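# Can you look at this prediction? I've put the sequence above it.
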Amino acid sequence: MASKRSDAKQNRAHLLAVARAMAKDGEVPSFNELAKKAEVGVGTVYRHFADQQALLAGLVEEQLEDFRVLIEHAVANEDVNAAFEELFRGAVELVVHRPLVARVLAGSKDEFRAMETKAEAVVTRAKKAKVIRPDVGVSDFKRLVCGIELAARMGPRPGEAARRYVEIVLAGIRL
């Protein structure tokens, strides 16, 4: 007989699998829709996910790990210009191909504070080295990344559009 902990893990995995199948272009199902499709009570969904943001975080756990690695690499890169560009380009690439990540980053909460702090260190270092304008902050960085993702998805070739928009934005924030 499976333990309660094992059953809970299986239920969470099942809910995430159903939610992934339902998620389209950054849209996450409501808890009622998810419960119905997963054939569980809505209380089961709430036991695993406190709110929509928690469900989003669960849906993108692996992709967020990719973002963490990207940030860590940028933090470790001694070339300030390359570190900033790498982080900016990589973040845009990630959110364009995984729109749920953009939703998570746009609605950042406490669970993402550590990533934001490290990204802020890269942005601050770039400002001090006079690589980017002094009025660019980490909140601007986040909004620009998410804005590029949104704008790029409006056209027929989001990846190509995103690369073009990245060049335009970088030209505008460099010193």
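Arrived safely. Residues are numbered from 1 along each chain as shown.
# Could you use CA atoms for every contact and neighbour count after this?
Will do.
# Ramachandran angles for I132?
Torsion angles at I132 (phi, psi; degrees, to the nearest 10) stand at phi -130, psi 170.
# where's it relative to L175, distance?
With distances taken as Cα to Cα, to the nearest Å, I132 is found 5 Å from L175.
# between those two, who's got more neighbours?
For the pair I132 and L175, the greater number of neighbours falls to I132 (22 against 12), based on other Cα atoms under 10 Å.
# my guess is the more buried one meets A126, correct?
Yes: shown here, I132 and A126 form a contact pair, counting by Cα atoms under 8 Å, at 5.9 Å.
# Show me how far stretch 89-107 is from its chain's centre.
When C-alpha coordinates are averaged (Cα atoms, centre = their mean, to the nearest Å), stretch 89-107 and its chain have centres 4 Å apart.
# actually stretch 34-51, not the one I typed
Distance of stretch 34-51 from the chain centroid (Cα atoms, centre = their mean) equals 23 Å.
# Quick check: end-to-end length of that stretch?
Comparing the first residue of stretch 34-51 with its last one, the separation is 13 Å (Cα to Cα).
# now swap in stretch 30-50 and tell me
The stretch stretch 30-50 measures 12 Å between its terminal residues, going by Cα to Cα.
# Could you find the residue nearest the spatial middle of this structure?
With the centre of the chain defined as its mean C-alpha position, the nearest residue by Cα atoms, centre = their mean is V101, 2.9 Å away.
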